[in-house]
Structures are given as C-alpha cells and as structure tokens.
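Novice: Please find the sequence and the predicted model below.
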Amino acid sequence: MITDELSAVPGVSSTSEQDYAAKGYHCLHEASPGSLPALAAIFRQRGFHLEHLTCLDMRADDDCMCLVYQFNRQDVPERHVIHSRLAPGEAGTSISEQFIGADWYEREVFDMFGVGFDGHPNLLRLLTDDDYIGHPLLKDFVDADPQRDVFAVDAKKDGVANEAANE
Amino acid sequence: MTEVASQYGLFGALLVAGFIFGVIPCVLPLLLAPRSRGKKTFDTYECGVDTIGSAWIRFDISYYLFALIFVVFEVDVLYILPIALVFDDSRYVWRDLVELSLFVGILFLAILYAWRKGVLHWRY
Amino acid sequence: MSSVPGPAMELVRDDEDRETYYLNMGPQHPSTHGVLRLRLHMEGERILSVFPVIGYGHRAHEKMAENRDYLMFLPNTSRIDYLSGMIYNLGYCQAIEKIMGIEVPERTEYIRIIVGELNRISSHLLWLGTYLLDLGGITPFLYCFDDRERILDILDSISGSRLTYCYGRFGGVTMDVDDAFLESTAAFCSYFHERLDEYEDLVTDNVIFRQRTEGVGPFSADLVQRFGLSGPCLRATGTRRDVRKDEPYGIYDRLDFEVPVGKTTNGDCFDRHTVRMAEMVQSLHLIEQAVRDIPDGPVMAAKVPKKIKPPAGDYYFAVESARGHFGMYIYSDGTDTPFRIKLRTPSFAHVSAMTEALVGTMLSDTISILGSIDIVIPEIDR
Amino acid sequence: MAEAHDNTEELLEQLGPLVHLSKLETLLNHARANSLWPLTFGLACCAIEMMAVGASRFDLDRIGAGVFRPSARQADVMILAGTISRKMAPVIQTLWDQMPAPKWAIAMGGCTIDGGPFKYPGQYAIVEGADKIIPVDVYVPGCPPRPEALFAGLLKLEEKIKAGRKGPEMVN
C-alpha cells in the first residue's frame, strides 16, 4: 500500500483505511484540489490507473462540491478513493497531463455539474449539446421546458429561459 | 447501294433505340414519383451531420492511378463484347481463343507493369 | 477548434490548407456500432487526428437513478449495456446485497453463474458477427446470430426477455430453473464446443482476416494505463486482469477457469479477437461446472428488507462485463433513493483511447480497430 | 399530429407525382411494398433486435425488406430503433429530409413512441416520441419489441403502402 507516500503530499488532509469487504475500496483520502496533480503523478509512477472521476453535489448539507477520484492498480486490486471538496463555483485542477483518460471524465463533470478544471486542454461539454444551458445533474437543476419543441430554431432563446429558471 | 444504306439505317435505328432506352428511366420517375423537399434535402449526405470545411482539396496521386488501372480493364471489356459476336465460326475455335487471350494478355501486361512500379502499394 | 492534449493534438485546419480535410464518421454510420461520431481530420487515407463526439445516445441513466429508489432503478440497469444486460442486472443486485448484507441461497449463486456466462457468450457472438461484417464478411454474421438465438431461447425461457433482462432481485432471482433448462443449457454447451472450433478454422485462420487484424491498432501498456482500459482490450496486451479473479463475487472463486491473454503481447486487433474466442471457451467451462454441481434449494433469500435503505456513505462494487470492468460507485445518504450512482463503464475508457490509438492509421484500419474494441453506445453516453 | 408540426411547413414539403395513372400507381405501390429498403439506423437496444430480425432465424428477406442501406439516399423506410436523445434529434431530421420520396418511418420500441422507460420527471436528455420530429407511419411497441413484433410492423406498413399511402402526409 502506498498510503504513507500519498499522505506525505501537502494538501492531503486525512488518509483512512477502509474495510474492503463492506465498502469495496481499500483506502479513502481527503485531499485539496490543488494537490491532485501531485497525487496523480505518484499514482502514475506506481502503475495505477484512473478508474473513474465523478462529482457529488453536496451544496445542500455541507455547502461544497465533492470531486471523487478513484485509482486502482492493474495487477493487484488496491483501490484508492480520493474526496476533494470544492467550494461551489471553485474550479478543480486537471490531471490530464498524468492521465489523459481524465480528460473525458473532467469534461463530463463540467458538463453535468458545472465544475471547471484549470489546465484542461479543451473543456467542452461531453454528453449534452454544445450550446446546452444548465448542468443537469445538479440537485436543483430545473429544465425550463422538458419537452420544448425540438424545432426551436433559436436554441439560445429557450436557453435564456433555461438559465432564468436555474437562477 | 441500298445494301449499304440499310446497314446504316440499321445502325441508326440501333443508336436511337439505345438513346431512348437510356433516357426513359431518367424521365419516367420525374413524372411518376412523388417528391419531397426538406430543409436539408439538397445538402451533402455525411452521416446525418453537416460537412466541415470544403472538399476542394488536392487529393493524392494514388487515387488517380487506381482509377487508371480500372480504365485499362474497362476498355478490355469494351472490346471483348463485339469480338464475341464475330468469333462464332466453329471451325476456327482455337485460333479465336489464342487471339482473344493475346488481346487480354497484352492488356494484363499493363497491370503487371503498374504492379511492379508499385502503384498498388498505398504510400500515403 | 478544440485541441486534445498529448500526441493526438488536433491539427487545426486553416482555410489555405489544401491538403487535409475533415470527415465525419458520424452518428449514422454502419461501422460505429451505434450513434458514435468520430470527427476525423485526414490527409488522403491517413488520419491525422480524431475527435470523438459522443452524447448522441445520452439517456440520463444517472439522473434517473436519483429519481428512482433502489428497486425501481433495477430494470434500468440492463439497458445501460444491453449486450451484457444480465451481467449488469445481476451485478447491481449483488452490489445492493453486499451493501445491505443480504445472504443469497446457494442455488441462486449457481444460477447467476449460468445466466451471466450465457449472456457473455451471446455478447461475444454478436461482437464476432458485427466485427466480421465491418471487415466485409457477410455470412459469419448470420452464423453467429443463429447460435446467439439459441442462447436467447434458453435465457428467454426463464427470464421472459431476450435482451433487457430483469431477472435478478435483491436477495435472489425471480424464477427457479427446472431440469429442462439445465438440459438445454448442457446440450447447448456441447453443441457450441464444435461450433467454436468451426469458427476458429473459418475465421481465425482466414488469411484476409489475419491481414486486416494482425499488427493493426496495437495498444501499448502505457496507453492502457493512461486511459484505464479493461476487459479483453487490457488482456490482449498480456495483463492477466479479470474482476472475476481479482475481486471475486458470487462463487467465481470456487469454480476453476483461466483468464485468457493475448498470444503476442502487443495487444492488436488479432489478440483481442483470440482473447474473446478463448473467453467463450472459458465461459462454457464455467457453465458446465455450474450445471453439474447446482444444488437444490430456494432461489430467494429468506429475509429481504422491504425498503432498501443503505447506511449513509459511499460504496463501490465492480463486475466483469463482456466489455470489461463495470463498476458502480453508489453514494447513499441513508434514504431509499440513491444520492448518486456513478456507472463506471468500460467502453467510456475504450472510446477515449481512440483519440490516440487511431492517429496515423488508414481509414480501413480505423474501422477494424473500432470494431475490435467492441463498444456499446448507451454504455459510453449513459 | 397536426399541431406538433405547426412550425415545420417550410421544413418538409410533400408533393404528389406530376402524372397520376391510378392503375399504374397501384402496381408501383405493390412493387414498393414488396421491396422496402430499410436504413441501417440503430440508436440503442432495439437496434439489436432489428439486427436479429435481419439475421438468419427471422430473416427479413422473406418479405423483401432485408436490404439494409447505410446511406439515406437509397433507403425507403427509416426504422427508428432506440431512444432518441436531444442531441440526436436534428440528425434524424436531416436524415429524414435526405431520404428520397416515397419514404416511410417505423417507430420501433417504447422510447420512440413516447419516451418509454426513460420518461420520468427529471428527464432532460431524450425526445419523448419520434413523432415530435418526423412523421411516423407504424408504431411497434415493446422494450425491445420481439422480432416477430417488428415483422408485424413491417407487414402493417406494407398493407398501408398497398392501400396507396405515398408516405405520411404532412397535414399542415
């Protein structure tokens, strides 16, 4: 386990072993968004790969957007989950230099949650239309007109309505 | 003289029939088929999305050379059909066979030449 | 124009450039296996850079999970990757059983092995048929689908559906299997063994197939690590990694089967093909063992809580689907509706790897590589 | 159906043939009905069942509809097999415009009828029903519909064509 090496990275606030049988992963880390590239570099050298990266919209209870990174080895299973809390509106830092696969995961988090990533080469929307307004997986997302007539030639026009609804 | 005139007459009739035979399938659908026009009907079809950038670019030479090789065999077929009509005398079967294979063989040499020169190897 | 980092930096084409052009291998294309769009920046037949545009199959599965309680989300799981619908469905059930600590009777474990591996074979058969269709061989598609129909008949007889099964429940399965099911499965296994040898002679040793796949689209170990590939694409590069062996669920640890690995370790299309063919053989072994030693007994756990309310916290559970490592990251806030379910699907990583794997190949090789990684679109777009 | 398309007058103009010969047209309709060329157009799960219909056991070639044309320019019937996502709707509209008349549309599966299993309050990503974007001739319910159901849908479409429907008339 490389937990000691990971916790040495500045910005990693807590590291706790987890009961793998119940939780499904070995180790949980709390890390600040800034320390992610350094952690990713360590994982990269140790032969880990990024299993997935997602976001939790926790603005309701403790007013933060929690990024969840998950790394795992490819020969012996050793799963590390990293929670990195962001203030609502703060941007994370991209780890696409170390793991180019993260490029798409970050674009998906941006598309679905609106969390930007500094240093990301082309932060575009991944799954919804390029000119889609609003971030659907947020808890308080309201689609202004769910079945708006798909012929709405002026997507911007109803985009504004969408934005107003989401203010 | 009438002998020759009827020959030309026959040829002229054949030509006109061929032309009509070609034009009818083009004109008939214009009259009989229903038509539909949409916003994107006359755009180029590219998997359902709009094309990006123009296609007026300089293509690689190997496309052209491949087309040439096709033309070699095309001409070959063009000549074989009339020959098949003429070579119907059963006494000279072997002579006809040799003549025809000579003709096809020479054309095939063109393919061998292109092959040896590496036209078929796709460089780019 | 956007730019993708790394060697697949997209060359932005300015207007004076008369040499290169953009080609949309777009949403409606016979060999993208669904609605995937690849924006290829090409010069002649060579590809300079690829920018996959996905989202044409986005159906908001994860938003749906936040609107449904745990049981109502169950039928949805087999529609994420409809080719391994049974594996996904049972995987979701096993995840909730592990979180809630529900014990599953012995007989159900064996049934889950049988139907899961049958589903894997049917998915690989469909891949083989459509892959050869991409490469130009029309008839193997008909043979593979004919065999696949036999599997669908078996699975249809117990679960009632052919493709999107909802056969699993938390704590067991809905229908018990009878002897007729077991006999037909055993008959299928013996029939399918010779059939696989036929496919080996007809397809694997076919010269044209070899030329189109050997050495085409090799995946380096570095690429596999940076993109996080899994399943046959990972095993083709020689890494012996399979969720059924490394993090065993159900009774996979009790049954013996090997994890096939690519012969030449440069992980090209031919290796992916041989790995999938060998996996079908291993699945047959698994099914035969399960059919042989299936015990009698109930198929539903005795005590299953009416309302599933997992304790708050986050959990991760992974199964080995036909395409690779399918994982569910479930974040529960203690209520009966999940706070968030992240579906970690294998094809998402495989298509993102296309930005690098396709650079420099010719268009016909692109179709061969794209077919060999066996993608299912709603699994990418979720 | 009329109000769903009130702003599409300029989008799709459906004109009948210039010359109407009724006997000839019935003959043409029978010919069209028995040689439907579907567009290979799989969106999601129903596409697999559409492939199964085209394969050896259910074999669409028995009714002459087995020739799947990848290009929209050569297809007669568009079988919408799978969920229509919002990003895909303009593409389907483009493909429908680019298909030559006479053309027909079959909405296969619950998603193309009214959103099917993906219709729920928070849904933001799909078009609930294929008739919101293109005129549909035959609806085949099921999730996915069994191959026999799609077969029945195609036979129903053939009946419709033989009865002289050039395509879904756009009542604007």
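Specialist: Here it is on my side, so go on. Residues are numbered from 1 along each chain as shown, chains lettered A, B, ... in the order given.
Novice: can you pull out the helices in chain A?
Specialist: A:3-7, A:20-23, A:36-45, A:59-62, A:102-113, A:155-166 (DSSP state H).
Novice: Dump those helices into JSON lines; add distance to chain C as well.
Specialist: All C-beta spots, glycine's among them, are computed from the backbone N, C-alpha and C. JSON lines is the format used below for these (distance: least, C-beta to the nearest C-beta, whole Å):
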{"stretch": "helix A:3-7", "distance to chain C": "17"}
{"stretch": "helix A:20-23", "distance to chain C": "6"}
{"stretch": "helix A:36-45", "distance to chain C": "8"}
{"stretch": "helix A:59-62", "distance to chain C": "8"}
{"stretch": "helix A:102-113", "distance to chain C": "4"}
{"stretch": "helix A:155-166", "distance to chain C": "15"}
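Novice: Deepest-packed of the ones you listed, please.
Specialist: With neighbours taken as mean count of other C-beta atoms under 10 Å in any protein chain shown, the helices of chain A reach their highest mean count in helix A:102-113, at a mean of 24.
Novice: the inter-axis angle of it versus helix A:36-45?
Specialist: Angle between the axes of helix A:102-113 and helix A:36-45 is 140 degrees (criterion: axes from the mean of the first three to the mean of the last three C-alpha atoms, to 10 degrees).
Novice: Where do the strands of chain A begin and end?
Specialist: A:12-17, A:27-31, A:48-58, A:64-73, A:80-86, A:92-93, A:117-118 (DSSP state E).
Novice: which one of these lies closest to C:G57?
Specialist: Among those, the nearest to C:G57 by C-beta to C-beta is strand A:48-58 (18.8 Å).
Novice: Give me the contact status of the closest one with chain D.
Specialist: No - Strand A:48-58 lies apart from chain D when judged by C-beta under 8 Å from any C-beta of the partner chain; the minimum separation is 13.2 Å.
Novice: could you redo the helices of chain A as a markdown table and give each row mean pLDDT and distance to chain B?
Specialist: A markdown table is the format used below for those (pLDDT from 0 to 100; distance: least, C-beta to the nearest C-beta, whole Å):
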| stretch | mean pLDDT | distance to chain B |
| --- | --- | --- |
| helix A:3-7 | 77 | 44 |
| helix A:20-23 | 86 | 44 |
| helix A:36-45 | 90 | 34 |
| helix A:59-62 | 85 | 37 |
| helix A:102-113 | 93 | 19 |
| helix A:155-166 | 54 | 15 |
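Novice: between the ones you listed, which gets nearest to C:S123?
Specialist: Between C:S123 and those, the shortest separation by C-beta to C-beta is 23.5 Å, and it involves helix A:102-113.
Novice: Could you check the angle that closest one makes with strand A:80-86?
Specialist: Going by the same axes, to 10 degrees, helix A:102-113 makes 50 degrees with strand A:80-86.
Novice: how about TSV for the helices of chain A, with distance to C:R240 added?
Specialist: Below are the helices of chain A laid out as TSV (distance: least, C-beta to C-beta, whole Å):
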stretch	distance to C:R240
helix A:3-7	26
helix A:20-23	21
helix A:36-45	21
helix A:59-62	42
helix A:102-113	26
helix A:155-166	48
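Novice: Indicate which one of those helices is closest to chain D.
Specialist: The closest of these to chain D is helix A:155-166. By C-beta to the nearest C-beta, the value is 9.6 Å.
Novice: surely C:I367 meets C:D134?
Specialist: Yes - in this structure, C:I367 is within contact of C:D134 by C-beta atoms under 8 Å, at 5.3 Å.
Novice: what is in contact with the two at once?
Specialist: Contact with both C:I367 and C:D134 is made by residues C:S31, according to C-beta atoms under 8 Å, 6 or more residues apart in numbering or on different chains.
Novice: Look up the pLDDT of C:I377 for me, please.
Specialist: For C:I377, the pLDDT comes out at 93.
Novice: ok, now which ones touch it?
Specialist: C:T32, C:H33, C:G34, C:V35, C:L36, C:I54, C:Y56, C:G57, D:A44.
Novice: Now do the buried residues in stretch C:256-265.
Specialist: Judged by neighbour count using 16 or more other C-beta atoms under 10 Å in any protein chain shown, the buried positions of stretch C:256-265 are C:F257, C:V259, C:P260, C:V261, C:G262.
Novice: Just the residues contacting it, thanks.
Specialist: With contacts defined as C-beta under 8 Å, 6+ apart, stretch C:256-265 is touched by C:235-242, C:244-245, C:270-272, C:274-275, C:278-279, C:281-282, C:285-286, C:289.
Novice: Likewise for stretch A:57-65?
Specialist: A:55-56, A:66, A:85-88, A:90, A:113, A:115, A:137-139, C:340.
Novice: Toward the C-terminus, what is the element adjacent to the top helix by length along chain B?
Specialist: Secondary structure of chain B per DSSP H: the longest helix is helix B:2-32. Downstream of helix B:2-32, the next assigned helix or strand under DSSP states H and E is strand B:35-38.
Novice: Now look at that next one and say if it contacts chain D.
Specialist: Yes - for strand B:35-38, a contact with chain D is found by C-beta under 8 Å from any C-beta, at B:R35, B:S36, B:R37, B:G38.
Novice: List the buried residues for the very next helix or strand once past that strand?
Specialist: Using DSSP H and E, the helix or strand that follows strand B:35-38 towards the C-terminus is helix B:61-86. Neighbour counts over helix B:61-86 (16+ other C-beta under 10 Å) mark B:S62, B:D76 as buried.
Novice: thinking in terms of the whole chain, how far from its middle is helix B:61-86?
Specialist: 7 Å (C-alpha atoms, centre = their mean, to the nearest Å).
Novice: who does it touch, helix- and strand-wise?
Specialist: On a contact count with 3 or more C-beta pairs under 8 Å, 6 or more residues apart in numbering or on different chains; DSSP states H and E, helix B:61-86 meets helix B:93-117.
Novice: Give me the contact list for the helix it packs on.
Specialist: Around helix B:93-117, the neighbours that count as contacts under C-beta under 8 Å, 6+ apart are B:65, B:68-69, B:72-73, B:75-76, B:79-80, B:83, B:87, B:89, B:120.
Novice: Enumerate the positions of the host helix or strand of C:F181 that are buried.
Specialist: Using DSSP H and E, C:F181 maps to helix C:179-199. Using 16+ other C-beta under 10 Å as the test for burial, helix C:179-199 gives C:F181, C:L182, C:T185, C:F188, C:C189, C:F192, C:R195, C:L196, C:Y199.
Novice: and which of the residues you listed is nearest to D:D114?
Specialist: C:F181 (35.2 Å).
Novice: Quick check: the gap between that closest one and chain A.
Specialist: Distance of C:F181 to chain A, given as C-beta to the nearest C-beta, to the nearest Å: 32 Å.
Novice: likewise D:V53?
Specialist: Counting by C-beta to the nearest C-beta, the gap from D:V53 to chain A is 28 Å.
Novice: immediately after the strand or helix carrying that residue, which helix or strand?
Specialist: Using DSSP H and E, D:V53 maps to helix D:45-54. Counting by DSSP H and E, the next helix or strand C-terminal to helix D:45-54 is strand D:77-81.
Novice: so A:Q18 touches A:C27, yeah?
Specialist: Yes - the criterion here is C-beta under 8 Å, and A:Q18 meets it with A:C27 at 6.2 Å.
Novice: Between those two, point out the one with more neighbours.
Specialist: A side-by-side neighbour count of A:Q18 and A:C27, using other C-beta atoms under 10 Å in any protein chain shown, places A:C27 first with 21 against 18.
Novice: Quick check: nearest residue in space to the more buried one, chain neighbours excluded?
Specialist: A:H80 (4.8 Å; C-beta to C-beta, 6 or more residues apart in numbering or on different chains).
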